[in-house]
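Colleague: Just to be clear, the model below is a prediction. Sequence and coordinates:
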Amino acid sequence: MSDKATAVAPANIAFIKYWGIRDSDQTLPYNASISMTLTACVSRCTVELLPEGPGELEVLVRTDGILAPAPPGFSRGIERHLLRLKTWAGIRGTFRVATENSFPTGAGLASSASGFAALTLAAAAALGRPLKSRELSILARSSGSGSAARSAFGGYVEWPDDKGEGSARQLAEASHWALSDVVAVVSSAPKEVSSREGHRRAPGSQFFARRLERLGEKLRRVRAAIAERDIGDLGSILEEEALELHLIAMSSRPPIFYWTAGTIAVLRSVRRLREGGLAAYATIDAGPNVHVICPSDEEVGVAAALRELNEVESVIVDRVGNGPFLTEDHLV
Ligand code: DP6
């Protein structure tokens, strides 16, 4: 096994959201979440294990084809996670890491799920311990990014499964149902309140306990809608779910407002698209940008309509995909 490995891992978009952390040491949520793994929005990461010496961890980021040292804040999370992985593998040494996102940096899209899934898969392979999806899911989650646990699998994914180790599991393969995620980017500014802080504040909302009471039923309906490829049922639940996440955020103490006027303009436009006969449904993560979920044969019409809106800076069209993989196409 070579001491250099490269992995590509996709981002994912949640239909049922992870919002609220029950155990922050273990990164375990209050509630199960269900997502769709994407295909175009990916992180590529090369990890090289260097013999132990005076050298320190080197982290490079490739943007527009140019490799440059990563900013210190960015490298800290990577360093912490690599330390954990070295302890897990029982191997000493230092690393050189290079990473790149396929989607525009600073577009306000969550990159930690794909980034930590790619880092974990590449680092484990460089340490001579290639991972199966389940092990990848458990180890990627230990980075602190819970959604990274879902990026270990392709298709439609639930996290955590019922085995108690905090792994995700696949509900259906990508080929089961061709859905798209058309992202309307209304702001590329970094969010003011991190997901981590949002998770911490969530139980302070007076609506949080009520949300958890009702979630079992929602999870059952989403699993069934995926199994039956029922976009109407899936869509109505995922829209309701996105509003609920933001209701909890806005009623946390202190409150968190992720939306901008652009967010509401896109939500209105999605409603109009549906009145016009398209099966398009909106979901929103911890930020202002709107992910519009639709059958893939409707993605062109949905993207064209979103591009018409003055509030939309750019549109990214993505689809359900097969999950992470190792490649010989190294970044360094
Ligand atoms: C709103 O803690 O996994 O996207 O900071 O991006 O790693 P990162 O987020 P994480 O929380 C995700 C929160 C969410 C909902 C979801 O993806 O389930």
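Modeller: That came through fine. Numbers count the residues shown, from 1 in each chain.
Colleague: How about the residues of this structure by the ligand?
Modeller: For the chain, the residues in contact with the ligand (CB under 6 Å from any ligand atom) are 14, 17-19, 33, 110, 112-113, 145-147, 195-196, 285-286. Glycine gets a C-beta too; all of them are placed from N, C-alpha and C.
Colleague: Extract the C-alpha trace of stretch 137-147 and format it as CSV.
Modeller: What follows is stretch 137-147, C-alpha atoms only, in CSV (Å, rounded to 0.1, in the frame of the first residue of the first chain):
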residue,chain,number,x,y,z
SER,A,137,-18.9,7.0,8.1
ILE,A,138,-18.0,6.4,11.7
LEU,A,139,-14.5,7.9,11.4
ALA,A,140,-15.6,10.9,9.2
ARG,A,141,-18.2,11.8,11.9
SER,A,142,-15.5,12.0,14.5
SER,A,143,-14.2,15.1,12.7
GLY,A,144,-17.1,16.9,14.3
SER,A,145,-19.0,17.2,11.1
GLY,A,146,-22.0,15.0,11.6
SER,A,147,-23.2,15.4,8.0
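Colleague: next one: it to chain centre, how far?
Modeller: Chain-centre distance of stretch 137-147: 11 Å, with CA atoms, centre = their mean, to the nearest Å.
Colleague: which residue ranges form the helices in the stretch 201-332 of the chain?
Modeller: Along the stretch 201-332 of the chain, counting by DSSP state H, counting those that start in this stretch, helices occupy 208-227, 231-250, 261-275, 299-307.
Colleague: Flag the least confident of the residues of the chain next to the ligand.
Modeller: Ranked by pLDDT, these bottom out at A110, which scores 68.
Colleague: burial of the closest residue to R307 other than its chain neighbours, as a residue count?
Modeller: In space, and not counting its chain neighbours, R307 is closest to V315: 5.3 Å by CB to CB, 6 or more residues apart in numbering. When neighbours are defined as other CB atoms under 10 Å, V315 has 18 of them.
Colleague: so V315 touches L309, yeah?
Modeller: No - if you go by CB atoms under 8 Å, V315 and L309 don't touch, sitting 9.4 Å apart.
Colleague: rewinding a little: who does the residue nearest to R307 bridge with?
Modeller: For V315, the beta-bridge partners under DSSP bridges are A184.
Colleague: tell me the contacts of it?
Modeller: Applying CB atoms under 8 Å, 6 or more residues apart in numbering, we find V315 in contact with V182, V183, A184, V185, A303, L306, R307.
Colleague: A149 now?
Modeller: T27, S137, I138, A140, R141, W159, P160, G166, S167, A168.
Colleague: ok, back up a step: quickly list what's touching both of V315 and L309.
Modeller: A184.
Colleague: tell me the domain ranges of this protein?
Modeller: 3-175, 178-319 (automatic domain parsing).
Colleague: Would you single out the least confident of these?
Modeller: Among the domains of the chain, domain 3-175 scores lowest, with a mean of 94.
Colleague: Right, I'll call it a day here.
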